[in-house]
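Asker: Sequence first, predicted model second:
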Amino acid sequence: IESEFFGYDDGAFTGARRGGAQGKFEMARGGTLFLDEIGDMPMDLQGRLLRVLQERCFSRLGGSRLIPFDARIVAATHRRLDTLVAEGRFREDLYYRIKGVGVCLPALRERGDRAALIEALLTRERRGQLEPVLSPEAQRVLMAYHWPGNIRQLDHVLRLALTLAEGEAVIGLQHLPEELLMETAGPGRRSATVAGDACLREIELEAVRAAMARNGGNVSATARSLGVARATLYRKLRLLGLA
């Protein structure tokens, strides 16, 4: 991680590129450096980062030349840093060093523009095509679901729905993942949803078969077209008896 951040000089470690390499802190000179998931940063690296922010300079791994640092820092985390500080898992001095303007990004389930966001993502994934469009029932399910995976999960669900609805004019409930249908079904409909699992399994089976046929049995290409990992596709193939 340190070599990624600060770069390294020639011969700094086994496998190092001849002539060394710049790190992200050096590349960001005069601009902005975005540190994602800073709450997961190891304690020793937190100390190194604090020194860089205080002294405004650093050196590459295996080197002694001081390189000035003149970039803005933007940090993001899904954790409560003040809680991590209280638990001794994040340096208090670093916390107050990076704590400037705070922006709290609401979870997808708390956003009031979900309908517009769904339409924007769908338009992007359709790549200029006008169809398929969401049915009212599918729209209702997407709006009611609590989205623990936030926008990444929504994007994946829409991409998968478009793949399953290929050649059709409308994205219906049969094109949405089972967990969405189970959670958003009302008390009177939950048993009907469970009873319809066999039908959904047949639809899923047919979608996987069709994708495998389109890709000539190539598992990697099929997984990419469905927007799922290869391990997930292998698991589905075993469950459906197609392995």
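Answerer: Arrived safely, thanks for sending.
Asker: going forward, measure contacts and count neighbours with C-alpha atoms only.
Answerer: Fine.
Asker: which residues sit in contact with Gly128?
Answerer: By CA atoms under 8 Å, 6 or more residues apart in numbering, the contact list for Gly128 is empty.
Asker: confidence score at it?
Answerer: Listed pLDDT for Gly128 reads 83.
Asker: how near is it to Thr77?
Answerer: Counting by CA to CA, to the nearest Å, the gap from Gly128 to Thr77 is 34 Å.
Asker: Also Ala210?
Answerer: Separation of Ala210 from Thr77 (CA to CA): 40 Å.
Asker: Neighbour count: those two, which is higher?
Answerer: Ala210 (15 against 12; other CA atoms under 10 Å).
Asker: in which helix or strand would I find the more buried one?
Answerer: Using DSSP states H and E, Ala210 maps to helix 197-214.
Asker: quick check: mean pLDDT across that helix?
Answerer: 69.
Asker: next one: stretch 44-63
Answerer: Averaged over stretch 44-63, pLDDT sits at 92.
Asker: which SS state does Leu33 fall under?
Answerer: For Leu33, the assignment made with DSSP: H, G, I helix; E, B strand; the rest coil gives strand.
Asker: Surely it and Ala76 touch.
Answerer: No: assessed by CA atoms under 8 Å, Leu33 is found out of contact with Ala76, at 11.3 Å.
Asker: Those two: which is more packed in?
Answerer: Leu33 (18 against 15).
Asker: how about that one, what does it touch?
Answerer: Listed by CA under 8 Å, 6+ apart, the contact partners of Leu33 are Lys24, Phe25, Ala71, Arg72, Ile73, Val74.
Asker: ok, residues contacting whatever helix or strand Phe5 lives in?
Answerer: Here Phe5, judged by DSSP H and E, is contained in helix 2-6. For helix 2-6, contacts defined as CA under 8 Å, 6+ apart pick out Gln22, Gly23, Lys24, Phe25, Glu26, Leu45, Phe58, Ser59, Arg60, Leu61.
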